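K.L.:
Need coordinates for the below:
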Amino acid sequence: MTTIDIPLPDALTSALKQPICLDLKLPKPEIPSLTLPTGGAIKGMADFTRGIPTECSMNFSLMLQIAPIMASMECLLKVLKFIGGMVEAAKSANPIKLLSTIVQGAEDLAPCLAMATPAGLFCFIKALLELIAKMLHCTLDALTSVVNILDGISLDLLSAQKDGNDDRLAALQCAQENASLAADSTMKSIEPIIVLIQLAGPFLSIAGISLDVTIPSGVSAGDLAGMKSMLQTLGTVVNTIQTIADAIPC
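P.N.:
As a prediction, this is how the structure comes out:
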């Protein structure tokens, strides 16, 4: 067979060359950090579950951390500014300057002082309880779906055992194990919600709101009857929290 060499343009020849390791090498991003006014520091987090960490992804995680910190520090900074001004005015032994500092500090702190009153907390508590109710409702829906799957698999397992269908029995047992793992993982999502309810205690106390609910503890995915009972209790809790939230004036 006759071979004919056909010259290719330089651009095409370059494009067809096998890439070297340097071209394929993944970047090694530096972990970003941010020093807080309080003296501490926070660092970006490399979340490998979302793919290979990059400088952009870690900076984004740093932004998600700093936003709530900055929001929570606003009143603290105002208090520290007021105290610092009072100290300087007291050192000057100037009554007029001291009075002016007190008046200016009172104006700056007025919105912060309102936060410690029931009226100042109502809108926040209402939104917080609505959030908790929605989170619990999501968990309830997910668990209900898993329980329905486990319920159906249980019936199919009995049928497969009765028919002596070993292949179908093995497939159903695998599906049952996966559904049980999904149920266990979903029930663990209740734990941070319980922590959030506990953290809300002082705010509810100041506002004079009683939240007398008990989140049911998780049960084994193998206890289908126990899971169904837990779902009923969890549904009652969700309705109770939502009713309290709806009654808060805001």
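
K.L.:
what's stretch 98-110 in contact with?
P.N.:
The contact list for stretch 98-110, computed with CB atoms under 8 Å, 6 or more residues apart in numbering, reads 75, 78, 79, 81, 82, 85, 86, 88, 89, 90, 92. C-beta here means a position set from N, CA and C on the backbone, and glycine is covered the same way.

K.L.:
And those residues, which is closest to residue 153?
P.N.:
Taking CB to CB as the measure, residue 153 lies nearest residue 75 of the contacts of stretch 98-110, at 53.5 Å.

K.L.:
got the contact list for that closest one?
P.N.:
109, 111, 112, 115.

K.L.:
ranges for the helices of the chain?
P.N.:
Along the chain, counting by DSSP state H, helices occupy 10-16, 21-24, 55-92, 95-114, 118-163, 166-188, 190-199, 201-207, 224-247.

K.L.:
Tell me what angle the last one forms with helix 118-163.
P.N.:
It stands for helix 224-247. Going by axes from the mean of the first three to the mean of the last three CA atoms, to 10 degrees, helix 224-247 is angled at 160 degrees with respect to helix 118-163.

K.L.:
Just checking, which helix or strand of the chain averages the lowest pLDDT?
P.N.:
When each helix and strand of the chain is scored by mean pLDDT, DSSP states H and E, helix 21-24 comes last, with a mean of 48.

K.L.:
just checking, residue 35 touches residue 41?
P.N.:
Yes - with contact defined as CB atoms under 8 Å, residue 35 counts as touching residue 41 (4.8 Å).

K.L.:
Name the residues contacting each of these two.
P.N.:
With CB under 8 Å, 6+ apart, residue 35 and residue 41 have no common neighbours.

K.L.:
What subset of the contacts of residue 75 is buried?
P.N.:
Listed as buried from those is no entry at all; burial here means 16 or more other CB atoms under 10 Å.

K.L.:
Tell me the one of these nearest residue 200?
P.N.:
Among those, and counting by CB to CB, the member closest to residue 200 is residue 115, at 14.4 Å.

K.L.:
Now the contacts of stretch 98-110 in TSV, please, with extra columns for pLDDT.
P.N.:
Shown next, in TSV, are the contacts of stretch 98-110 (pLDDT from 0 to 100):
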residue	pLDDT
75	81
78	83
79	84
81	83
82	84
85	82
86	82
88	83
89	80
90	81
92	79
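
K.L.:
Run a quick neighbour tally on residue 226.
P.N.:
Counted with other CB atoms under 10 Å, residues neighbouring residue 226 total 14.

K.L.:
repeat for residue 191
P.N.:
Neighbour number of residue 191 under other CB under 10 Å is 12.

K.L.:
Then residue 168?
P.N.:
The number of residues packed near residue 168 is 15, by other CB under 10 Å.

K.L.:
Residue 238 versus that one, what's the distance?
P.N.:
As defined by CB to CB, to the nearest Å, residue 168 lies at a distance of 37 Å from residue 238.

K.L.:
mind checking how far the residue nearest the centre of the chain is from residue 72?
P.N.:
A centroid search over the chain (CA atoms, centre = their mean) returns residue 192, at 8.6 Å, as the residue closest to the centre. According to CB to CB, residue 192 stands 18 Å off from residue 72.

K.L.:
And residue 86, by the same measure?
P.N.:
Distance from residue 86 to residue 72, counting by CB to CB: 23 Å.

K.L.:
between those two, who's got more neighbours?
P.N.:
A side-by-side neighbour count of residue 86 and residue 72, using other CB under 10 Å, places residue 86 first with 14 against 9.

K.L.:
How about that one: what's its closest non-neighbour residue?
P.N.:
Counting by CB to CB, 6 or more residues apart in numbering, residue 101 is the residue found nearest to residue 86 once chain neighbours are left out, at 5.8 Å.

K.L.:
mind putting the contacts of stretch 98-110 in CSV, distance to residue 200 included?
P.N.:
Output for the contacts of stretch 98-110, formatted as CSV (distance: CB to CB, whole Å):
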residue, distance to residue 200
75, 19
78, 24
79, 23
81, 29
82, 28
85, 34
86, 33
88, 38
89, 38
90, 38
92, 44
